[in-house]
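*Asks:* just the structure for this:
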Amino acid sequence: MRYLIFVFLFFSFTLQAQIKLNELPQNFSQRKKNLLIVESSSYSLALVGLNQLWYKGYKKSSFHFINDNNSWLQMDKFGHLTTSYFVGVLGIKTYQWAGFSRKQSIWIGGLTGTFFQSAVEILDGFSEKWGASSGDLVANSLGSLLAISQQLYWDEQKILLKYSFNPSEISNTNPQLFGNNLIQKSLKDYNGQTYWLCFNFEDVFNSSSYFLPKWLNLAFGYGADNMYSDAYSLSHELGYRQFFLSLDINTDELNISNKFVKNLVNLFGFIKLPMPTLEYSQGKLIFHNLYY
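*Replies:* Sure thing, here's the model as predicted:
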């Protein structure tokens, strides 16, 4: 199938551009070899699985772009941005663990999210129902750029992107569109998703007025609600934007002595924990004792 061949070639050239596998030195560490094997295999298997589960029942078409930048009040774009960022952060840590140089770890690992999600855009582009989105590609790139720029400048992530989800009542009105179970809804129900930008004021701005411990961050969130369809007009006529101010815990700054527990906690560090939250939407201020 032509589009799958295109995807495999895309990743083949990408990996070869990163590190020429046929020119690896004899002392190339086993960790590096294992990482490259696992990464390339995972990419291929994930794309084949995605094709079978998501695209198999839909007609194929010639590669084409669509303009979906106005749909879902840009919630899907924030999803691309956050996913690309978090996968990039994990990629940087993984390449560091494998023993790559600092610049290799930051640039190759940091672009991991963009590489994968861009390949998914290619699948979309060959689907008659969907199409590749330039807005998605931009969001993917911005997510990677946020991860890479912080690692280059600070050698750590001080500004974090996070995600929280609570199924909306609207999701029960159209399970085919919003999902039939919690996992599907967490991906498809944009009404229940919130995306967060979290940072510690003193840590980022080197402020002398210390008022939050380093593990406690300010969190600014964006969400949308009352969207019943992905049609652009309905998203604008019925849906409304939500803006949030809250607190968040930076799991990287927690003093956890057990290495396994620390790694497990950090693995789910992209999830914004429930906290007291102030919401502004439809011209009103709303206080939530706990919001997630």
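
*Asks:* count of neighbours near the closest residue to residue 220 other than its chain neighbours?
*Replies:* Computed as C-beta to C-beta, 6 or more residues apart in numbering, the closest residue to residue 220 that is not its neighbour in sequence is residue 197, at 5.0 Å. Any C-beta I mention is one placed from the backbone N, CA and C, and that applies to glycine too. Neighbours of residue 197 under the rule other C-beta atoms under 10 Å: 18.

*Asks:* which residue, other than its chain neighbours, is closest to the one residue sitting closest to the centre of the chain?
*Replies:* What sits nearest the mean C-alpha location of the chain, by C-alpha atoms, centre = their mean, is residue 83, with 0.5 Å. Ranked by C-beta to C-beta, 6+ apart and with sequence neighbours excluded, the top spatial neighbour of residue 83 is residue 113, at 6.1 Å.

*Asks:* and that neighbour, what element?
*Replies:* Here residue 113 sits within helix 112-125, counting by DSSP states H and E.

*Asks:* now that helix: how far from the chain's centre is it?
*Replies:* 12 Å (C-alpha atoms, centre = their mean, to the nearest Å).

*Asks:* residue 103 versus residue 95, what's the distance?
*Replies:* Distance from residue 95 to residue 103, counting by C-beta to C-beta, to the nearest Å: 10 Å.

*Asks:* meant to ask about residue 120, not that
*Replies:* Taken as C-beta to C-beta, the span from residue 120 to residue 103 is 27 Å.

*Asks:* neighbour count winner among these two?
*Replies:* For residue 120 versus residue 103, the count of surrounding residues by other C-beta under 10 Å is larger for residue 120: 20 against 10.

*Asks:* correct me if wrong: the more buried one contacts residue 50.
*Replies:* Yes - counting by C-beta atoms under 8 Å, residue 120 touches residue 50, with 6.7 Å between them.

*Asks:* low pLDDT regions in the stretch 51-200 of the chain?
*Replies:* Scanning the stretch 51-200 of the chain for pLDDT under 70 picks out 52-54.

*Asks:* what ranges does it have for its strands?
*Replies:* 65-66, 132-133, 159-165, 193-199 (DSSP state E, counting those that start in this stretch).

*Asks:* which strands and helices lie in contact with the third one?
*Replies:* Think strand 159-165. helix 75-98, helix 134-153, strand 193-199, strand 216-225 (3 or more C-beta pairs under 8 Å, 6 or more residues apart in numbering; DSSP states H and E).

*Asks:* who's in contact with that strand?
*Replies:* 79, 81-82, 85-86, 143, 146, 150, 185-186, 189, 192-199, 204, 217, 219, 221, 248, 250, 269-272, 274, 291-292 (C-beta atoms under 8 Å, 6 or more residues apart in numbering).

*Asks:* next, count neighbours for the residue nearest to residue 83.
*Replies:* By the criterion of other C-beta under 10 Å, residue 113 has 26 neighbours.

*Asks:* residues contacting it?
*Replies:* Residues counted as contacts of residue 113 (C-beta under 8 Å, 6+ apart) are 83-88, 91, 140, 143-144, 147.
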